[in-house]
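Enquirer: Provide a 3D model corresponding to the input given below.
(2 chains)
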Amino acid sequence: MAFGGVAMVLGVLLGIGEASSPGSYTNVQFTWLKLAPSPGPFPSGFELVMGTLVDPISALVLVVVTVVGFLVLLYSIGYMHHDRGLPRYYAELSLFLAAMSGLVISNNLLEFFLFWELVGLCSYLLIGFYYEKPSAASAAKEAFLVTRVGDVMFLLGIFLFFFVYATKGPAGTGGWAASGFVFVHGAAPFVPVGTGNATLLTIAGIMILGGAAGKSAQFPLHVWLPDAMEGPTTVSALIHAATMVAAGVYLLAVTSLFLGFTALDQTVIVAIGGFTAFFAATMALVHPDIKRVIAYSTVSQLGYMVLAVGAGFTMVGLFHLFTHAFFKALLFLAAGSVIHAVGTQDLFKMGGLRKKMRLTSAAFAIGGLALAGIPPFAGFWSKDDILSSVYSTLPSHPAYWPAFLLAFAAVFLTAYYIFRAWFLAFSGDKPRDPALEHAHEGPWVMAVPLVVLSAVAIGGGLLVYLPGFAGLLLHGGGTPGIPPTLSPTDLLLSTASVLLAVGGILLAWRLWGNGRVAPLPSSSAVRSVRQVLLARYGMKAAYDWIGTKGVYTLARGADFFDRFVIDGTVHGFERTFGGLSDRLRRIQTGVVSDYASYVVAGLIAVFALMLLLAPYLLSRLGGA
Amino acid sequence: MLPLLSLVLATLFVGTLATFLAGSRARWVALVVSSAFLAEVALLFADFTGWPGYSAQLVPGFSEGESYAWLHLSWLQINYTVGVDGISLVLILLTAILQIATVLYSWKEAKKPNAYFGLLLLTCLGSFGVFVALDILLFFLFWEAVLVPMFFLIGFWGGPRRRYAALKFFIYTHVASIVMLFGLLAVVFYSGSTSLDFSAVYLAARGLAPVVQTLLFLALFFGFAVKFPVVPFHTWLPDAHVEAPTGGSVLLAGLLLKLGGYGLIRWGVELLPIGFAHDRSILFAIAFLTIVWGSVVSLSQRDLKRLVAYSSINHMGIVLLAIALNSSLGLLAAVLLMFAHGIVSGLLFMTAGSVHHTFGTRDLPAVGGITPRTPALSTMVMVGSLASLGLPALIGFPAEFTALLATWDGLRYLVFIPLVILVVTAAFYLWMMQRLLFGPVRGVPDGAHDIPWYEGAGMGILVILTVLFGILPSLLTNVIVSSPIRGFPGP
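Expert: Residues are numbered from 1 along each chain as shown, chains lettered A, B, ... in the order given. Model (predicted):
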């Protein structure tokens, strides 16, 4: 706790420092693994290092990590006080914060990967915090495995980049072999896109995208994040909303700044981001679980960030990462406050909580408004910036159109699903489940984070007009989309998106406002759509099938082969060669000295044979 | 300069004898011997002339070289020749670590403790000898000397099917040894060398015709491959592990499998580089088959030890792949992987043994949710599993990373095979942890309590090293790469 506080102070100081004078921090590094010059693939040897790099974007994300981290630790005191295993909880959370900070200030891709896996480990441990629950244990495993699929692609991406740069480094620098694969702030991407090994770079970019998709739960690797809600809500807020899942976006940002994506990569990234933004939002429309609605929303919002980074607006994506981290953590902590009070996550049991929990209700509403993109809340500025930035590229990149349209449509869905959740939980006279009558607010340690996060969710978007803060986002130079421009087209676009969002809120109010529960739609088509959405488009079932029926059956088959075919052959030989087993059984007297004498006799026989044979061989082969 | 290697051999030899004779105090003798061994290995590191800047080397290319005439016939010189380079030094360190960890772990062994500890020490003595011997006969002597104590460890202290497992182990590896021996002798005689010394044979073997080299290499490869083991010569390993006592399992996985890899590097690749490089497709095919097979079969295992045994096969497949790449990076990766696997599989077999002691079974469906009852043991299982599946900051990662990087370098997109298998490896470990550690408590006897201190101490050593070398792999790699890379065609 105290350490978390110190870390936050240091993190914020570092952020302010970097904002005021970029590049003022001393970066350190040490050798991790070194291959001296030698014959083979790397004639000049190479050196892999671990080191730090503080630059504007790492400072920005570090501020997010440490501030949200501290607030979640504070909140945990109230939220977790009745749980067992608290030392484990705080240890794992602290390890997570350390690893996440390490990830943010890594100065090379390999080190990035190292911390990347460590935050994944913490996520695994914390999702499975209630490990006695089979569903939690299973969700933890699922999260690890699905992100592992992405990690494997990430690793291949590292190899590809390493290969391209180790053999084709910039002239005069000795290439990567000497530079140790290190990012340098302010340097241009190492090989300008298009002049290097274009095919390899494209594949490398796609592989990096795969890694990011695993961590940031992008289609088709998104399945783990909703299930990750098995962990404590504090963990969902910190790891699965604000920080770790944003690491994928951060990876894309770092890659685009230091290594560069090809045009084809960008098209794919944009498509994945835009599609995920819409696709995840559809699943949030119908879910009855308050945490999972927010989880799908996280997937969808991460899609927006991926879209922005893919389209070349790295800083716009990071701006959304910044605002999203705060308002999404706010939503989760508010949801946690509700869950803490009522002991269920089922929206249909709640209702009327506005009167019992005024602060929580207001906090959730602020978070919802920020998420829906209503001005002047934080989410409006960053989400709108993404939409208008991407819109500005459409004339030159017609391939971005579908992604843009999907992301635009998702604005409506977003506003609808988050206010559906708000109305279901807070509006009306009293809870639908009478057992929840005595709900009340949590202690002050839970209230303070809600207030602080609410403040950022209201005003955080305007920070972009603050010179110092904008300095971070400008990354020491002109960055497209920062600060948001206000041309007539943009204003038109903003107005349209705000109107869409308001429409979504109104629809939610029409269906669920004042404690109403909308009846199930009568049309069978709508009903079956709802079923498909609740079944998550069947993707989880399909993955499960591949795991249990496909791979596991194969494994059983291979095991059978080992036991009966290979060993069967061996035993067949044994029988064929004169009942070896019989004779062996007879000499198995069980007396150690007997065995010893057999073995020694065998050894002597071998040596004798060897010595006898040698002269003969020599005489035959003397001339050779 | 002290004859350090002979001193270590003498220590281990006398120590083994003393342990056999010590009766009920055998464990103390074994502990003292292990500590002395570890201290001497530290001296070896301090005295290692392979560091840049040293040049005093009696045996060319090797540090700590000693060579005495042993048996000089008119047509053949057999010497007592020993020496180390970076590769063997790292594996010697592994031997010393595993020895002391195993002795500690087995502290309360009740069944004939003097014989048990003596055989443990004898196994380590043999392994040490294999790593330092630079004479074919001496090498073979130690090579066989490892089999004997392991045979007894399995056959006397083992589980219900110990007879079958011990004999299977012995016959498989013995057949392979004989093929290997004839291969080595054929190299000597075909090349016309009049000495069995590594250096002499090495020089003489340069003159062999490529086709002869290829055939001889294949014979040697078969000999080492069974020890590795590679598919399809691997079925002795799961049986041996399942039946072996814990200490035996640890040394079997941690040391004996490394003998195959070390032998292939020292006496195969370095001796017959042309034959090795001539056609590596068969090596690649076997390596990939082993990687895939070991991992996939692990997925279907119910017995914890069998699961770890198959995962060992998978890892040794990666070692073979790294060696077959024929590059300095590949060799670095192979040795690092062997060290990492030695530590991690040792840890995992210890945890499997503790699970068996504590709950009376290793059958995964039968026991589960053990974390609340045995938190320390659960932590060990988790660290071991995570290290084995290649989690960064633990020792498995730098090894696998370099191996995969080398594979990309040598084979390009074929690296997809081991990469995809990484997911399967993660899957079976995670599934195992889910079944064994998490979920509702089941199959836990009332009297079950957490691991005793000595088991914890044995595992603790390995856990600490797993983390240490995971964060600072350069401590090891600097030693490994200080060896002159023999046998590579060169630039």
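
Enquirer: gap between residue A:76 and residue B:263?
Expert: 55 Å (Cβ to Cβ, to the nearest Å). Backbone N, C-alpha and C define where each C-beta goes, glycine included.

Enquirer: burial count for residue A:524?
Expert: 8 (other Cβ atoms under 10 Å in any protein chain shown).

Enquirer: how is residue A:537 assigned, secondary-structure-wise?
Expert: What DSSP: H, G, I helix; E, B strand; the rest coil gives for residue A:537 is helix.

Enquirer: ok, it - how many residues close by?
Expert: 15.

Enquirer: how about residue A:116?
Expert: Neighbours of residue A:116 (other Cβ under 10 Å): 30.

Enquirer: and the pLDDT at it?
Expert: Note for residue A:116: predicted pLDDT of 91.

Enquirer: next: residue A:298.
Expert: Looking at residue A:298, its pLDDT stands at 92.

Enquirer: repeat that for the one 5 residues further on.
Expert: For residue A:303, the pLDDT comes out at 93.

Enquirer: what does the one 4 residues further on give?
Expert: According to the per-residue confidence, residue A:307 scores 93 in pLDDT.

Enquirer: surely it touches residue A:390?
Expert: Yes - assessed by Cβ atoms under 8 Å, residue A:307 is found in contact with residue A:390 at 6.4 Å.

Enquirer: show me which of these two is the more surrounded one.
Expert: Remark: of residue A:307 and residue A:390, residue A:307 carries more neighbours, 31 against 28, as counted by other Cβ under 10 Å.

Enquirer: for that one, which residues are in contact?
Expert: With contact set as Cβ atoms under 8 Å, 6 or more residues apart in numbering or on different chains, residue A:307 has these partners: A:269-270, A:273-274, A:277, A:317, A:386, A:390, A:403, A:407.

Enquirer: for these, pick the one with the most neighbours.
Expert: Using other Cβ under 10 Å as the neighbour test, the contacts of residue A:307 are led by residue A:273, with 33 neighbours.

Enquirer: state the distance from it to residue A:304.
Expert: As judged by Cβ to Cβ, residue A:273 and residue A:304 stand 7 Å apart.

Enquirer: mind listing the shared neighbours of the two?
Expert: With Cβ under 8 Å, 6+ apart, residue A:273 and residue A:304 have common neighbours residue A:407.

Enquirer: which strand or helix spans the closest residue to residue B:93 other than its chain neighbours?
Expert: Of all residues not flanking residue B:93 in the chain, residue B:41 sits nearest, at 5.8 Å (Cβ to Cβ, 6 or more residues apart in numbering or on different chains). In the assignment (DSSP states H and E), residue B:41 maps to helix B:26-47.

Enquirer: what is that helix packed up against?
Expert: Contacts defined by 3 or more Cβ pairs under 8 Å, 6 or more residues apart in numbering or on different chains; DSSP states H and E place helix B:26-47 against helix B:4-21, strand B:63-72, helix B:86-105, helix B:113-132.

Enquirer: tell me the buried residues in it?
Expert: By 16 or more other Cβ atoms under 10 Å in any protein chain shown, the buried positions in helix B:26-47 come out as B:26-27, B:29-31, B:33-34, B:36-38, B:40-41, B:44.

Enquirer: equivalent analysis for stretch B:95-108, please.
Expert: Result for stretch B:95-108 [16+ other Cβ under 10 Å]: buried residues B:95-107.

Enquirer: now, which of those sits nearest chain A?
Expert: Proximity of those to chain A (Cβ to the nearest Cβ) peaks at residue B:106, which lies at 18.0 Å.

Enquirer: for that closest one, grab phi and psi.
Expert: The phi/psi pair for residue B:106 (degrees, to the nearest 10) reads phi -90, psi 20.

Enquirer: mind listing what the closest residue to it other than its chain neighbours touches?
Expert: What sits nearest to residue B:106 in space, not counting adjacent residues and going by Cβ to Cβ, 6+ apart, is residue B:247, at 4.5 Å. Going by Cβ under 8 Å, 6+ apart, residue B:247 touches B:102, B:105-106, B:109, B:116, B:120, B:153.
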